[in-house]
Structure formats: C-alpha cells, structure tokens
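>>> sequence and predicted model, in that order:
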Amino acid sequence: MAEILKNGQVHSDNWQVLHLEADTDPAAQAVAPGQWLVPFNVWVAQRDAFKTRAGEIGVWLSATDDLNAVAAEFAAWPLVAIDFPKFTDGRGYSIAWRLRNHHKYTGELRAIGNVLVDQLFFMLRVGFDTLALDPKVSTEIALKHLTPFPDTYQGSTDNPEPLFRQVDRVLGGARS
Amino acid sequence: MYRYDDYDRALVKARVDQFRDQTARWQAGELGDEEFRPLRLQNGLYMQRHAPMLRIAVPYAMISAAQLRVLAAIAREEDKGYAHFTTRHNLQYNWIPMARVPDVLARLAEVEMHAIQTSGNCIRNVTSDQFSGIAPDEVVDTRPLAEIIRQWSTFHPEFAFLPRKFKIAVHGAERDRAVVQVHDIGLHLYRDDKGEVLARVWVGGGLGRTPILGEIIHEGLPWRHLLSYMEAIIRVYNLEGRRDNPYKARIKILVKALGIDEFRSKVDAEWASLKDGPATITDAELARVSAYFTAPAYAQLPDTDADYEARLASDKAFARWVQQNVHAHRVPGYRAVTLSLKAKGQAPGDITDVQMDAVADLADAYSFGELRSSHEQNLVLSDVELRKLPELFDKAKALKLASSTVGLLTDIICCPGGDFCDLANAKSIPIAKAIMERFDDLDYLHDIGELDLNISGCMNACGHHHVGHIGVLGVDKNDEEWYQVTIGGRQGNDTRLGKVIGPSFAAADMPDVVTKLLETYVSLREPEERFVETVVRVGLDPFKLSVYGESARDRANKKKEAENG
C-alpha cells in the first residue's frame, strides 16, 4: 500500500504503476490482479479484456501519447495518471492542462514519477488532484509545501481568472 | 515606475520565504544538489568559478534611486564592493555566500526587487527599450504591457520547466532598441489608424550556439490578446520543443524544424480556445498599470539654454559627451543621458558601490529619482533638464561615468567571461580591456564613428557577439583560449548576424586584428558611411585580406594550425 496526497491530506492507496516489460507486445503484457495504472498502449491493446475488471484498470500517460486518442477512451477509466520521468521535464504540466481544459477530463488526475516537493503547487494548479510522491520524498514535508504563495498572478486550471480579474487592484490600494 | 501593491509584496515576500526554506532543506541534505539546482537558478543563483553569482531582475530596464542605493549597500556589505550590469538590464553580484542569499533577497524585497526567474528554463525577465516613455520616436510606451507580462509570467505553473530558457523582449518605437528579433518572443507594439495598440509578434529568435533571427508569427495582434497568444506559443513549445539535447532545446530549433507556417498553425489551433478567455487583458488592468507610468512633473522649458550653448561652443570634451551620451527626449528642454560604464580599465558593465550611491544621488538631483539600465550595459538618466547638462557632465566625469564613447568602438558589450563564468570557454574582460587600452584616442574613436564591438566568452553569446558590427567569440581549443571574429552583424530594425572572417586568433593578437579591420574600413569608406555599411557594401574579402595577409599559404597554414589546435 502506498500513500498519496489528496485534498491536502495523506491517503493510502492501492494503485500500482505497470511499465511495459522490455520486448513485450502490449497485447501480451500480463496485468496481475489488483488496481493497475497501465501504459496507454497496453490499454489500447487489451481494452476488451479489461472490461471485466472495471474500476481496476487506469491509464498512465507519457508525453508521447496522443491526447485525442486518449480523450476517446478516458471515460472508461477510474483515474488517469501523467508520468514525470524527471522533475525537470515540464511537459506533464501542459498535458494535464490540456486534458482538463481542451478535453474536459473531470475525473481523478494523478501525478506520478519524479514528483518532488517544490513542484506540487504547480501540479495542483494545472489540474492534478492527486499526487503520488517520489518514494524518497517525505510526505510530512510535502504537506507543508502545497501552497507556498498566497495568490496567483495568472490563471490556470485551478482558477482560470488572472489576479486582475479576481480582485480590484486599484492604484496603491490595499489588500481587501 | 511600477510600485508594488499588497499582492505583489505578499508574493515576493512568499518567494523569499520559500527560497529560505529551500536553501535550509538543501543545507540539511533533504534536497539534493540536482533537485536544488533549478530552484536556485529560478532565483538567479548560479554556482560559478569562484563563488555563487546572484542575478537581480531589473524589469524592462527601470530602476529607482532608492533601489540603486540598496544594491550599492548589498555590494558593499555582502559582496566585494561592486556589481555588474548585464546585457538584459539585470544586475549581478559575484561574491555573495550561498547562506546569505535569502537575507539579501529579503532586503531586495523591501525595495520591490527580486531575483525571480532571472535564470533557469523558464520565462525570464522581460526586456525593453531603455528609452521607453521618453523617446521621440516612441509610438507605444512598452512599460505597462511589459509589467503585465512580468506578472503573468511570474510563477507560471505550467511554464516553470520548459525545455530551455525563454526570453521575451518588447519595443514600441520606430527604431528597435530592444533587439526583439533575437528573442524567443519579440513584440513590436504599434498603433493602427484608430490608435489601437497592436503587436507584431516574432518567434524563434536567439543567439547562442545556433544564432537565428525570429520570424513573424502574427501581425496585428490586438494588445488585449498578448497573454493568451503567448500562452499558446509557449504551450506548443513546452510540449514539442526538444528535450534530448540542451543545445537544440530553444524554441528557435522547433520553429526551424517545423517551419514557421506549421508552427503558426499549431499555435493558432491552441489559441482558438484561449482567445477572448479569462487571460484577455482588460481595459481596467491596462489602465491600472499604465497609471504607474505617467510622465513626471516636467517643467515648461525652452529647448535651448545660453550657458549650455556657451559650454558646447567652448568645451570640446563636453561637446563630445553631448554628441555621444546625450539623447533626444520627447519633452522640450529635456534630454536623456547615458552614464557610461565603459571607462578605460573597467570591466564593461561593472560599477562600484560608491558609483552606485553617487548615481542614485544624480538620479535624485537630475532625473526624478529614476534611471534605466541599457542592454549595452550602461545606465541612463532618463529626464534631465538641458540646462543642467553642464553640471551633470562635470559630476559624471568626476565619477568616471562620462566616457564620451556611447555607441563607439570602446562602448563594448561584454559578458563576464572566463574570469567569472563557469560556462565560458575563454576570458572576455581582458580582451575588452586590451581593446579599450589600444583605442583610447577620442579623436580617432569619433572619426571611426558608430561601431558596436561585442564580446562573448562562449557560444551562449551573452555578449551578443553575433549582432556586433565586430563580434568576438571566445573558443576553447585544447584548453587554449582563442577568439573568433565576425563582422557585419547589427541590431536594430535591420538586425543581421555577423559572418566569420576566418580562423581564430590568440588573445594577444586581438587589438591588432581590430586595428587592421579599422584601417581597412578607413581606406574604403565613403563619406558618412559607418563601418558596418562599408562591410555590407564591399563584402568580407578586403577585411580578410588585411587581417590574414596576402599569402594563401599563410592562411591555409593558419587554418590548419587552428584546426589542429
């Protein structure tokens, strides 16, 4: 059992991430019993077989997956995860934004991979709602760093309104 | 200039607290070096050759006397008594210990300054024209929209980990003084027949290893759509820009690979759902920010002054300073004045704490307490009364800030180079100093006329060598420092990249090389023709001939030698 962050709290969680084994045909990739996040190509190859495992199979996306193809399928998944292979690879932020805003995905969206403390605020802003921390990260420290800033200048998925539409910033005016 | 309200203050303070906490976690070993690296870079903190380098943002060139005094105090108390103005308006310290940085940032926050996003693979400090708001050829004052862009890009959640750094420059005058075509996004603001502000949007420019001029992606973009349109550009770049090779990761490589038309169609597709959405800038927001940039309380003055004219007629040194360092102003009786940071023997752009304090006093006394930093690494007093020019000249001269060389050969743009920078392949400051030493005859410099000499210590091109009329690039060949020379580059409306004249030179040869280039120019020039125009007219060959000599064998040998290192 692993721990994830959700709504500013720690939750235990049974989802495991399945990586396609080397030299394996996605159609032939074994998926053990339990709750699994599978690569999108494994989903495509085995979606009929997965029908009997409703609620058990979610999909994790990499930056190369075609979001239009993903959008045609995601209604069948209990959650979608986006992988951060390295925390400096920022594609996941825009993928999350597109999934939420262009493709109107409203289900659970989880950040997985190299998910570290100082990026959590950004992840929550662009549309992730659950965060599977990198195993080396302390959940206790992470929880203290979810909202380093009191306001946001620009809109994103969490609040599309930029600060200038959120509040009245009259010249020299004080914070209301 | 812009002043923080409670929201800005709270955000910058939160950033200081965040970085203090990050530094503490790094020191405690909770954050590894690799994990801390982008966090410190996004606070302008580099690990350099000798010590950390801290880069402070000077947004779109604007700085107040009060801010400059605090920068001086930090230089004095936390550094070694000096700092360096960069080619992107910013200011760098070289000797502040890591552990002191959070306190320094807290001190800067008190005067509404920060180091946010002055480095790292994110949207950097937006740059502009150092004469915004005062230039006679200005059509649109860029500062309100530049400030709106600054706020939008600050802590942008989606664009903090782009493939590579991302630089935005804005100009709004007839003449481009912000070199917008060598930026990831360049904006040229202008007005349509009805006075509505529109932007010509350039994308994919940049210097560095692969210098490329930007291409026009959008013509006539109404100002209110600037943020949503840039969001579309940067989202496409964030998703599709190369991440496998840092040298091919800038947006220019993506734009070249796709072609501007294909890139544009991707941006347009992205923009379709953003246009007219919440990122659209409101009239109220533009009005709110514009109110910070109203003109100061100018006096009603004639555009001439008897004492000034008398001094001009009698004092050649003063007349030269006026000719080179004093610039036209839109208000009669006022001028803008460049305080040169290029005195002989000085590293270009360097300034001492004493000079900073003195410049702050000059700004208070002569320029409504405001000044600008130019990308040519000088300071500008933007609103000086014409009649005060003689006394300002005397004071600036006493401070060694009145070299009458702005725009001339020795107004060298120069990166910190191998003396300080960890990325550099070669030193750049000693080359600049040697050239300044060689060419210290003002008569000769004025005869040579307008000439941009730009020096970079490596491919990253912080010294903008590609757009120098003469460009010098430090290269490393088997651990030796060599210098490659380009000519014919230029900035401005007709920005061009210079062409390499041939094999590179040893440091000691550089003053001779420049001498030969200048001799060639003098022998070939037509009346009123600038160096760069002669290069364009006659081509590279006469210059190559004078530098490398007649013997083809000589040249071939040199080339061979250089290749063998």
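All right, it came through fine. Residues are numbered from 1 along each chain as shown, chains lettered A, B, ... in the order given.
>>> the helices in the stretch 451-565 of chain B, which residues?
Under the criterion DSSP state H, counting those that start in this stretch, the stretch 451-565 of chain B contains helices at B:510-524, B:531-538, B:541-548, B:552-564.
>>> what of chain A?
Here chain A has its helices, by DSSP state H, at A:40-50, A:67-71, A:91-101, A:120-126, A:139-143, A:163-166.
>>> and the residue of chain A nearest chain B?
A:Gly90 (2.9 Å; CB to the nearest CB). C-beta here means a position set from N, CA and C on the backbone, and glycine is covered the same way.
>>> do you know the pLDDT at the closest residue to chain A within the stretch 101-250 of chain B?
The nearest approach of the stretch 101-250 of chain B to chain A comes at B:Phe161, 2.9 Å away (CB to the nearest CB). On pLDDT, B:Phe161 comes in at 98.
>>> quick one: the residue nearest to it when sequence neighbours are not counted and B:Asn425, what's the gap?
Nearest residue to B:Phe161 in three dimensions, chain neighbours excluded: A:Gly90, at 2.9 Å (CB to CB, 6 or more residues apart in numbering or on different chains). Per CB to CB, to the nearest Å, A:Gly90 is found 29 Å from B:Asn425.
>>> which residue of these two possesses the greater neighbour count?
More neighbours surround A:Gly90 than the other of A:Gly90 and B:Asn425, with 28 against 21 (other CB atoms under 10 Å in any protein chain shown).
>>> roughly how far does the more buried one sit from A:Met123?
Distance of A:Gly90 to A:Met123, computed by CB to CB: 11 Å.
>>> again with A:Val117
Computed as CB to CB, the A:Val117 to A:Met123 distance reads 11 Å.
>>> list the contacts for the spatially most central residue of chain A?
Per CA atoms, centre = their mean, the C-alpha nearest to the average position across chain A is that of A:Arg110, at 2.7 Å. By CB atoms under 8 Å, 6 or more residues apart in numbering or on different chains, the contact list for A:Arg110 reads A:Ile4, A:Trp15, A:Leu37, A:Leu79, A:Val80, A:Ala81, A:Ile82, A:Phe128, A:Asp129, A:Thr130, A:Leu131, A:Ala132.
>>> could you provide those residues in TSV, with additional columns for neighbour count, pLDDT and distance to chain B?
As requested, those are exported to TSV (neighbours: other CB atoms under 10 Å in any protein chain shown; pLDDT from 0 to 100; distance: CB to the nearest CB, whole Å):
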residue	neighbour count	pLDDT	distance to chain B
A:Ile4	20	95	20
A:Trp15	23	97	24
A:Leu37	25	98	21
A:Leu79	19	97	21
A:Val80	23	98	17
A:Ala81	24	98	18
A:Ile82	26	98	12
A:Phe128	29	98	10
A:Asp129	19	97	14
A:Thr130	20	98	17
A:Leu131	21	98	14
A:Ala132	23	97	17
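>>> between the residues you listed, which is closest to A:Tyr105?
For the contacts of A:Arg110, the minimum distance to A:Tyr105 (CB to CB) is 6.5 Å, reached by A:Val80.
>>> can you give me the strands for chain A?
Assigned by DSSP state E, the strands in chain A fall at A:2-6, A:9-13, A:16-17, A:36-39, A:57-61, A:79-84, A:108-113, A:130-131.
>>> need the contact partners of the first one.
Contacts to strand A:2-6, defined as CB under 8 Å, 6+ apart, come from residues A:10-16, A:110, A:120, A:129-133, A:139, A:142-143, A:146.
>>> what is the helix or strand where B:Ala24 lies packed up against?
Per DSSP states H and E: B:Ala24 is located in helix B:6-27. Applying 3 or more CB pairs under 8 Å, 6 or more residues apart in numbering or on different chains; DSSP states H and E, we find helix B:6-27 packed against helix B:33-41, helix B:101-110.
>>> tell me which other helices or strands the longest one touches.
It refers to helix B:101-110. In terms of contacts (3+ CB pairs under 8 Å, 6+ apart), helix B:101-110 is packed against helix B:6-27, strand B:52-56, helix B:65-78.
>>> and that helix with helix B:6-27, angle?
Relative orientation of helix B:101-110 and helix B:6-27, computed by axes from the mean of the first three to the mean of the last three CA atoms, to 10 degrees: 170 degrees.
>>> list the buried residues of helix B:101-110.
B:Val101, B:Pro102, B:Val104, B:Leu105, B:Arg107, B:Leu108, B:Ala109 (16 or more other CB atoms under 10 Å in any protein chain shown).
>>> fine by me, thanks again.
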